[in-house]
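Peer 1: Take a look and give me a structure for this.
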Amino acid sequence: TEVAQYLLEIDPGSASRLVSTDIPNRSNYIGYLPLHVACVNMAGMGAIKLVFDAYPHAIDQKVKGTSDIHRMNPPQMARASGHLEATVFLERQWHVFSAFANGDTG
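Peer 2: Presented below is the predicted three-dimensional model:
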C-alpha cells in the first residue's frame with residue numbers, strides 16, 4: 001500500500017495510464033490499467049482502494065486481447081483470481097458507477 005500511495009503522490013495520473021512496457025520474467029501487462037494489474041495479482045485491499053480512488057473509471061474498462069482475462073473488467077478479474085474481498089468491493093463500486101453512468105442518481 002505504501003508503494004502505491006507513494007507512486008500516486010509522485011504521479012497522480014499514473015492510475016489512468018495503460019501499462020506500455022513489458023517487464024522481463026513477468027506476465028505481459030501491456031494494455032492493462034493499474035487496477036487490472038492489482039486485481040490479477042491479488043494486491044492488498046489498501047492498494048486496490050488507492051488505485052480505484054485515483055481512477056474510478058477503470059472499474060468498467062476491459063483489457064483488449066484474445067484471452068478470457070482480456071475481456072474482463074476489474075471486478076471480473078478479481079473474481080477469476082479468487083480475490084473475494086476485492087470482488088465484493090469492486091462489484092459494489094461497479095454497480096454505483098453503472099447507475100451513475102446510466103443517469104440513475106436517485
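Peer 1: Show the secondary-structure elements that the helix or strand of the chain with the lowest mean pLDDT is packed against.
Peer 2: Every helix and strand in the chain was compared by mean pLDDT, DSSP states H and E; the lowest is helix 2-10, with a mean of 88. Under the contact definition 3 or more Cβ pairs under 8 Å, 6 or more residues apart in numbering; DSSP states H and E, helix 2-10 sits against helix 45-54. C-beta: built from backbone N, CA, C; applies to glycine.
Peer 1: Check the offset of the helix it packs on from the chain's centre.
Peer 2: 8 Å (Cα atoms, centre = their mean, to the nearest Å).
Peer 1: show me where pLDDT drops low in this protein?
Peer 2: 23, 25-26, 64-70, 104-106 (pLDDT under 70).
Peer 1: try 80
Peer 2: 1, 20-28, 30, 64-70, 100-106 (pLDDT under 80).
Peer 1: now the helices: where do they sit in it?
Peer 2: 2-10, 34-40, 45-54, 74-81, 84-101 (DSSP state H).
Peer 1: Looking at these, which one is packed in the most?
Peer 2: Mean neighbour count (mean count of other Cβ atoms under 10 Å) peaks for helix 34-40 among these, with a mean of 25.
Peer 1: Kindly export it (C-alpha atoms) in CSV.
Peer 2: The C-alpha trace of helix 34-40 is given here as CSV (Å, rounded to 0.1, in the frame of the first residue of the first chain):
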residue,chain,number,x,y,z
PRO,A,34,-3.0,-0.4,-12.8
LEU,A,35,-6.4,-1.6,-11.3
HIS,A,36,-6.3,-4.6,-13.7
VAL,A,37,-2.8,-5.5,-12.6
ALA,A,38,-3.8,-5.1,-8.9
CYS,A,39,-6.7,-7.5,-9.4
VAL,A,40,-4.9,-10.3,-11.2
